[in-house]
Structure formats: C-alpha cells, structure tokens
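Student: sequence plus the predicted model coming up.
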Amino acid sequence: MPRGIDPTVLALMATGNLRMGTLVSIETLSGMVYAWTGYGTVVYNGNTYLGLGSLTNISAITEANSVISQGVTLTLNGVDPTNISEALTDIPQGGNVQILFVVLDGSNNVIGVPIVSFAGQTDGITIKEDASGLSSISLDVENRLTQLQRDRTYRWTQAQQAELYPGDTGFLYTADLADYVALWGNTIS
C-alpha cells in the first residue's frame, strides 16, 4: 500500500543523517504497553515508549497485492521466568497492536508524522527458555483480515435473537418460512 512521507522527513533524508525507530503499542488487560526498538524513552502522542533496544525483535512486515492476511511476530528476549505468568495472564487474545515507523532527532523526539507499518490483533504467545534460565516471549499478531476467515457461529433464529435482545420477536416466524408456499399470479381459472 503506498504511503506518503512527511515533507520534514523527506528534507532530512536529503541530508543522509537519519535516526529511525519502531514504536509498538500493545493492548493488555492492565492497560496499554508502549515500547520501542531503541534505547531511552520516546514520547509521542502523549504516550511514553520505553526503549528495549537489542532485547526486541520484530519479524518482517510484508505486504501483497492481493487481499490476504499476513501476520507479524514480536519477540522480547531476556525475560526473567518470574515474569512469564504476567505475560500469559495480561495479554488477551484479540488485543489491538500498532507498529509505527518513526524518524527521530538526537534527543529521541519524533520528526514528522510516523508511518503505520502494521495494525492488527494479538493471537497467541510462545515462550521459550534458554540455557541461562532466561526466557523469550513471542507474541503473534494477526492482521484484521483474519476475521474474514473465521466461522460465524451466530444463526438467525429466534432463540439466538432472544439471547442478544430479550423480548425481541423479530425472528419468531423465520422457521415457518422454510415450508412456506407462495402463490404468485392469477390463481383463478
């Protein structure tokens, strides 16, 4: 998908002196988590992104010309095993995730308008432990297009309508339509 580049960033690109980073926001049960791929902190849009540096890894973000869902994996390395349970209980399936590509000045201020590299929802967590006793947590994030591939369990019946809207009788006669014979045209000979 074509994206416009902020004119301030274009001017900075001409000098050849760029500092880039990736901002990640993850929706959890206890609130939003903001992190970025560098060191120190970055404040953008009123949110403070904690720098995780080399402890993070973001898989390749790919795009295609066809309408297909492609995901991304976010990995945090060097996690103390005592913090694993918090990750398992605090990150819900279906939480919103956004990945922004930014250009920064020497003081970690965002220059121009960030580019949304990926937006999706959390899918699953994978935990691996290395020989030193530290763990890595990988969070699979799926594009919202995966919702199109999921089965819909809702049926247009009176029983399910009553679960959603008690007292509504909008589908009361739906079952009778299966056996209904409609006469059309002139029936008198």
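Tutor: That came through, no problem.
Student: for Asp176, which three-state class applies?
Tutor: Classification of Asp176 by DSSP: H, G, I helix; E, B strand; the rest coil places it in helix.
Student: need the nearest residue in space to Leu134, chain neighbours excluded.
Tutor: When the adjacent residues along the chain are set aside, Leu134 lies closest to Gly78, with 5.0 Å between them (CB to CB, 6 or more residues apart in numbering). Where C-beta positions appear, they are placed from N, C-alpha and C, glycine not excepted.
Student: just list whatever residues bridge to the spatially closest residue to Tyr34 that is not a sequence neighbour.
Tutor: Excluding its sequence neighbours, the residue lying closest to Tyr34 (CB to CB, 6+ apart) is Tyr49, at 4.4 Å. Tyr49 has these beta-bridge partners by DSSP bridges: Val42.
Student: test my guess that Tyr49 contacts Met32.
Tutor: No. Tyr49 is beyond contact range of Met32, at 10.5 Å (criterion: CB atoms under 8 Å).
Student: of these two, who's got more company?
Tutor: Legend: neighbour count by other CB atoms under 10 Å for Tyr49 and Met32, higher for Tyr49 (26 against 12).
Student: so what's the spatially most central residue of the chain up against?
Tutor: What sits nearest the mean C-alpha location of the chain, by CA atoms, centre = their mean, is Gly120, with 2.1 Å. Going by CB atoms under 8 Å, 6 or more residues apart in numbering, Gly120 touches 71-72, 96-97, 141-144.
Student: circling back to that earlier point, my read is that the residue nearest to Leu134 contacts Leu55, right?
Tutor: Yes. With contact defined as CB under 8 Å, Gly78 reaches Leu55; the gap is 5.2 Å.
Student: quick one: mean pLDDT over the longest strand anywhere in the chain.
Tutor: For the chain, the strand that runs over the most residues, judged by DSSP state E, is strand 110-129. The predicted model assigns strand 110-129 a mean pLDDT of 88.
Student: and that strand, which strands flank it?
Tutor: Strand 110-129 is paired, per DSSP bridges, with strand 96-104 (antiparallel), strand 135-143 (antiparallel).
Student: which parts of that strand are buried?
Tutor: Along strand 110-129, these residues count as buried under the neighbour rule (16 or more other CB atoms under 10 Å): 110-111, 114, 117-118, 120-123.
Student: quick check, nearest of these to Val9?
Tutor: Nearest to Val9 out of these is Ile111 (CB to CB; 6.2 Å).
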